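Chemist: coordinates only, sequence not included:
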């Protein structure tokens, strides 16, 4: 019978073998749900963000903020595209 401390000895060869076997794989339903949620979030963010900017355009232009409509629209668009890109990446990888 091996000593109790020998049972816990791990060689680099054993670690490489274990890590090679431990590949994470998602089910199809998880990929579809995750990618649909991210793409939907991107679409909703774009729609609601642009709607909010249109509603508050006069107040934004009157304010003394250095961020005008163009930079705010760019921010909403880039955030939305990031979410959509993450959803596409999730579906493909």
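Modeler: That came through, no problem. Remember, predicted model here, so these are calculated numbers, not experimental data.

Chemist: Report the helix or strand with the lowest average pLDDT across this structure.
Modeler: helix 12-21 (a mean of 74; mean pLDDT, DSSP states H and E).

Chemist: who touches stretch 64-83?
Modeler: For stretch 64-83, the external contacting residues (CB atoms under 8 Å, 6 or more residues apart in numbering) are 38-39, 41-43, 45-46, 49-50, 53, 57, 60-61. Using the backbone N, CA and C atoms, a C-beta is placed for each residue, glycine as well.

Chemist: Please list only the buried members of these.
Modeler: Among the contacts of stretch 64-83, those scoring as buried are 38, 39, 41, 42, 45, 46, 49 (criterion: 16 or more other CB atoms under 10 Å).

Chemist: Take those residues and write them to CSV, including pLDDT.
Modeler: CSV is the format used below for the buried ones among the contacts of stretch 64-83 (pLDDT from 0 to 100):
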residue, pLDDT
38, 97
39, 97
41, 97
42, 97
45, 97
46, 97
49, 96
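
Chemist: Could I get those in CSV, plus columns for secondary structure and distance to residue 84?
Modeler: Putting the buried ones among the contacts of stretch 64-83 into CSV (DSSP: H, G, I helix; E, B strand; the rest coil; distance: CB to CB, whole Å) gives the following:
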residue, secondary structure, distance to residue 84
38, helix, 7
39, helix, 5
41, helix, 9
42, helix, 4
45, helix, 9
46, helix, 9
49, helix, 13
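
Chemist: What is the burial count for the nearest residue to residue 32 once chain neighbours are set aside?
Modeler: Leaving aside its chain neighbours, residue 32 sits nearest to residue 91 (7.4 Å; criterion: CB to CB, 6 or more residues apart in numbering). Close neighbours of residue 91, defined as other CB atoms under 10 Å, add up to 14.
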